[in-house]
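1. The following block contains a protein sequence and its predicted model.
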Amino acid sequence: MAREIRSCLVPFLVFVSVFIPLNLIHGASLGFRDLGVPVREAVLWGAYVGPGKAGIRDTIYLSFGQYGAPLFLLAVNPDTGESLQFNGPLSTEMGSWGYTVDHENRIYCGSYYNGHLLRFDPKTEAWEDLGQPGGEKESFICRVTTAPDGKIWGGTFPSATLFSYDPKTGETRNFGRMDPEQFYCYPTAGEDGLIYCAIQFAKVDIVVFDPEKKTKTSLIPVEARKPGRVDLRKGIDGKIYVKLSTADFWLRVEEGKTLVVVSDPGGSFPKSALPDGRQFRVIDNKTLRVEDPATEKTKEISLKYDAAGSFIFTLGTGPDSRIYGSSMLPLRLFVHDPGKGSLANLGKASLATGEVYSMAPLGDKLYLCSYPEGRLSVYDPRKPLRFGEEENANPRDLVSLGEGLYRPRAMIAGPHGKVYVGGYPDYGLHGGAIGVYDPEKGEKRIYRHIIPNQSIASLAYSKKWDLLAAGSSVRGGNGTRPLEKEAKLILWDPKQEKKIFEIVPVSEAKTIRSLAATEDGMVYGITDNEKGFVLDVEKRVLKKIFELGFKDPLEISLQTGPDTRLYGLAQGAIFAIDPRSDEVSLIAKPPVSIESGMAILGRKIYFGSGAHLWEFELPPEPASPESKR
């Protein structure tokens, strides 16, 4: 996930909520408007017990990530409910997936997206940047852990590197890759002085590193290393326990070299609890619940903090002529009403925790498909908000489309009364899928490996020929390397639910980022290597390949506009393609970087830039925009 998230992010600009005067931006005919930040929440990555100012472990620390602003710790007093927010020292380090405490009661966080080790001292309430112990090429630190001798250990992505930091001397040591091919290393320090590394995801392994001998030992035979996940934990007995996602039993590591099957380790793991036994958990990113098993008393503390806003991940037009979108981590559905000029955070919309990857209206409802697990949900704008799985919930979580649609990037709703979803597989896997959901019957069907070893990155529907067009990506799930070299375009028959045609439309293209169909039966596509192409669906021939002329075209951003043209987004441009001539035209250069999109409503185009929702109104007479060709 992290690599995809990172690809969505660029340095944020300072946004101003204003209209851009006519012709102030070269190529702009009317103007842009910043509609504001729809979701001002941060994503919670973990809740931990830690030392307070007096050095006593009586404080609950919540580790939050945000976008375009530093990560922060929210220190909560479980007795009084009071909280203090401590913002991290680096704006580039927006979150942390690691937390540990040293022998001097100082807190360590391993950050993303530049892999810094950060230290927070509760006594002085000050942060320190301890640098990039995994090396400058590492994007994030997967996990940090404290060894019995007081050293801090961490593992990184994308090189699966293991490092140590000595709080006594300030010395950092990099021990290099724990696996020659895999990307992720999650270390846990054992009571025996050994470091146990969970290697994820394409070929899982457990690597035991001996700090004294500087040796590493693989516990899983090469032939048994399969795609999946490793859940590696230290029990209350000090032993290391392992659960592979490909097995239904737990293992225990003996003497640092042998895996032994254990029947039921349920009581072996520590709970999130304060020293006095009170247990805690966070509800929906908003409430800290503290429970005392002895007295059965429960206390709920509302979480309050300042956040820069959540990154906008995707946008779409709803059945009620309003603009809907999803924030990225936490997943929130938001809506903009152009008539009222309102912008509202509608809250939770899926059991998934990441973001809505695709959405489309069908009848009077809006269907949403979310990462992870391709969870499909439905929202009826006419009914009150109450998310859940029950019959009267709204949005209502319907079903998981599974590992082949782990990242459900594209959706078409309507043909034959069904919802069609294309996407990327789970971590460590190759081969995406097309999923079909029948709202009337409540049934799903998943067609995996339609294009062998490739994922489905884009979809379009040709109404004239009653066919779906699907564009692929050579990428698999995160943690994999591509097995194929060129992206493909297929035609898929929704009546027979099968592939009927396949072609490589553009040589050397790795991903077909966006597709759109015209009324006369042509399918237009845009690739990651900045080409455009036209497929004659009836004749099954590639009519034309042309230079797009714009850098970094966005995914799922080519749509039919209010006139005869197709409109698309690139990072630095709004452009149009005229199907009558295949001419590519620059419509406008935005005052900010376009990072997500898009939705068209009337003559207005909507896109996201960081956490802000933007609107652009098309010129009333779009007859002669500046040509790029």
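-> Sure thing, it's come through. Residues are numbered from 1 along each chain as shown.
2. counting contacts, what elements does the helix or strand that contains Trp127 pack onto?
-> Under the criterion DSSP states H and E, the helix or strand holding Trp127 is strand 126-129. Of the remaining helices and strands, those touching strand 126-129 by 3 or more C-beta pairs under 8 Å, 6 or more residues apart in numbering; DSSP states H and E are strand 117-121. Where C-beta positions appear, they are placed from N, C-alpha and C, glycine not excepted.
3. which outside residues touch the strand it packs on?
-> Counting by C-beta atoms under 8 Å, 6 or more residues apart in numbering, strand 117-121 makes contact with 71, 73, 86, 88-90, 93, 96, 106-111, 126-133, 141, 144, 152, 154, 165, 172, all of which sit outside it.
4. try 7 Å this time
-> Judged by C-beta atoms under 7 Å, 6 or more residues apart in numbering, the contacts made with strand 117-121 from elsewhere in the structure are 73, 86, 88-89, 93, 106-111, 127-131, 133, 141, 154, 165.
5. Same question for stretch 133-140.
-> Around stretch 133-140, the neighbours that count as contacts under C-beta under 7 Å, 6+ apart are 2, 6, 97, 111-113, 115, 117, 132, 141, 154, 156-159, 161, 163, 165, 172, 174.
6. can you list the weak-confidence ranges in the stretch 201-350 of the chain?
-> Along the stretch 201-350 of the chain, the parts satisfying pLDDT under 70 run over 266-267.
7. ranges for the strands of it?
-> Taking DSSP state E, counting those that start in this stretch as the test, the strands found in the stretch 201-350 of the chain are 205-210, 215-218, 230-234, 240-244, 250-254, 258-262, 279-283, 287-292, 297-302, 312-317, 323-327, 333-337, 342-347.
8. Highest mean neighbour count out of those strands?
-> Among the strands of the stretch 201-350 of the chain, judged by mean count of other C-beta atoms under 10 Å, the one packed with the most neighbours on average is strand 323-327 (a mean of 27).
9. ok, back up a step: out of the contacts of stretch 133-140, which sit inside strands?
-> Restricting the contacts of stretch 133-140 to those inside strands, with DSSP state E as the criterion, leaves Ser111, Tyr112, Leu117, Ile141, Gly154, Thr156, Phe157, Thr161, Phe163, Tyr165, Thr172, Asn174.
10. about what we covered before: PyMOL command to pick out the buried ones of the contacts of stretch 133-140?
-> For the buried members of the contacts of stretch 133-140, the matching PyMOL selection, counting by 16 or more other C-beta atoms under 10 Å, is:
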select buried, resi 2+97+111+112+113+115+117+132+141+154+156+157+158+159+161+163+165+172
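11. how about CSV for the ones in strands among the contacts of stretch 133-140, with pLDDT and distance to Met598 added?
-> Formatted as CSV, the ones in strands among the contacts of stretch 133-140 follow (pLDDT from 0 to 100; distance: C-beta to C-beta, whole Å):
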residue, pLDDT, distance to Met598
Ser111, 97, 31
Tyr112, 96, 27
Leu117, 98, 38
Ile141, 98, 34
Gly154, 98, 39
Thr156, 98, 35
Phe157, 97, 30
Thr161, 98, 38
Phe163, 98, 41
Tyr165, 98, 44
Thr172, 97, 44
Asn174, 98, 43
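12. rewinding a little: so what strands line up beside the strand holding Trp127?
-> Within its sheet, strand 126-129 is paired with strand 117-121 (antiparallel), according to DSSP bridges.
13. a strand runs through Leu613, doesn't it?
-> Yes: under the criterion used here (DSSP: H, G, I helix; E, B strand; the rest coil), Leu613 sits inside a strand.
14. my guess is it contacts Val39, does it?
-> No: assessed by C-beta atoms under 7 Å, Leu613 is found out of contact with Val39, at 9.7 Å.
15. Between its first and last residues, what's the separation in stretch 482-491?
-> Between the opening and closing residues of stretch 482-491 we find a distance of 23 Å, counting by C-alpha to C-alpha, to the nearest Å.
16. How about residues contacting that stretch?
-> Surrounding stretch 482-491, the residues in contact under the criterion C-beta under 7 Å, 6+ apart are 430, 450-451, 453-454, 467, 469-476, 499-505, 507-512, 525, 527, 535, 537.
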